[in-house]
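Participant: no sequence for this one, just the structure:
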């Protein structure tokens, strides 16, 4: 099976913020590998007048002061890992698509990944937003655009708009809101007319 991407491997084109591999890597827990990717990306977008330039300068400033990883980790934890009284932006598809029976969703997702010849990432649940985006990116990198679009419609499109809204409302820094908006825009290309035809739709608020 194809590995999706190694945790410390640069994405296909770190200068392109809308690359699925870049975005999937951005939603992994922040580590030194991600910091290297982001610092390279920040240099590439330096001078950009748009949102990429704003976020790139934020990354560059914190990298120079030695605060990049602590800032990212604090925001990541507060959004996706541990917050009270309720996690602001749960990153797991199974809990969103069928909060009453997430185990069944995980079984279905595992079967899809096997059929597509993709291994799940080590150290992260297969339905984590990062794992799903990297899987779609791996399919695109293979040149299998149809499979990439089908996977995205089935497992990401139904709930990533809500994720982007939640991240925007709860994040401290600009990084994760930008990544979530760019992911939503990237997924819009997969087509959203009737995502229910391809798989489970979101069945209500996550617990």
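Facilitator: Done, it's in. All values reported here derive from a predicted model rather than from experimental measurement.
Participant: got phi/psi on the residue lying farthest from the centre of the chain?
Facilitator: Within the chain, the residue lying farthest from the chain centre (C-alpha atoms, centre = their mean) is residue 65, at 26.1 Å. Note on residue 65: backbone dihedrals following degrees, to the nearest 10 are phi -90, psi 0.
Participant: distance check, it against residue 71.
Facilitator: 9 Å (C-beta to C-beta, to the nearest Å). For glycine as for every other residue, the C-beta is placed from the backbone atoms N, C-alpha and C.
Participant: repeat for residue 160
Facilitator: Going from residue 160 to residue 71 by C-beta to C-beta gives 23 Å.
Participant: name the residues of stretch 72-87 that are buried.
Facilitator: 72, 75, 76, 78, 79, 80, 87 (16 or more other C-beta atoms under 10 Å).
Participant: contacts only, for residue 139.
Facilitator: 116, 118, 145, 147, 148, 151 (C-beta atoms under 8 Å, 6 or more residues apart in numbering).
Participant: please apply the same query to residue 50.
Facilitator: Listed by C-beta under 8 Å, 6+ apart, the contact set of residue 50 is empty.
Participant: ok, the one 5 residues further on next?
Facilitator: The contact partners of residue 55, taken as C-beta under 8 Å, 6+ apart, are 17, 45, 174, 175, 178.
Participant: please, where are all the strands along the chain?
Facilitator: In the chain, no strands are defined using DSSP state E.
Participant: I'd like the average pLDDT over stretch 128-139.
Facilitator: Averaged over stretch 128-139, pLDDT sits at 93.
Participant: gap between it and the chain center?
Facilitator: Taking the mean of its C-alpha atoms, stretch 128-139 sits 7 Å from the chain's own mean (C-alpha atoms, centre = their mean, to the nearest Å).
Participant: what stretches of the chain score poorly on pLDDT?
Facilitator: Where the chain drops to pLDDT under 70, the residues are 1-18, 83-85, 120-122, 190-207.
Participant: got the phi/psi numbers for residue 30?
Facilitator: phi -60, psi 130.
Participant: so what's the residue count around it?
Facilitator: Residues near residue 30, counting by other C-beta atoms under 10 Å, number 21.
Participant: isn't it up against residue 74?
Facilitator: No. The pair residue 30 / residue 74 is not scored as a contact, 9.4 Å apart, by C-beta atoms under 8 Å.
Participant: which residues in the chain form helices?
Facilitator: For the chain, helices defined by DSSP state H occupy the ranges 20-26, 32-44, 51-65, 68-76, 93-97, 102-116, 129-142, 145-155, 157-170, 175-188.
Participant: to residue 123, which of those helices lies closest?
Facilitator: Proximity to residue 123 (C-beta to C-beta) singles out helix 129-142 among the helices of the chain, at 9.8 Å.
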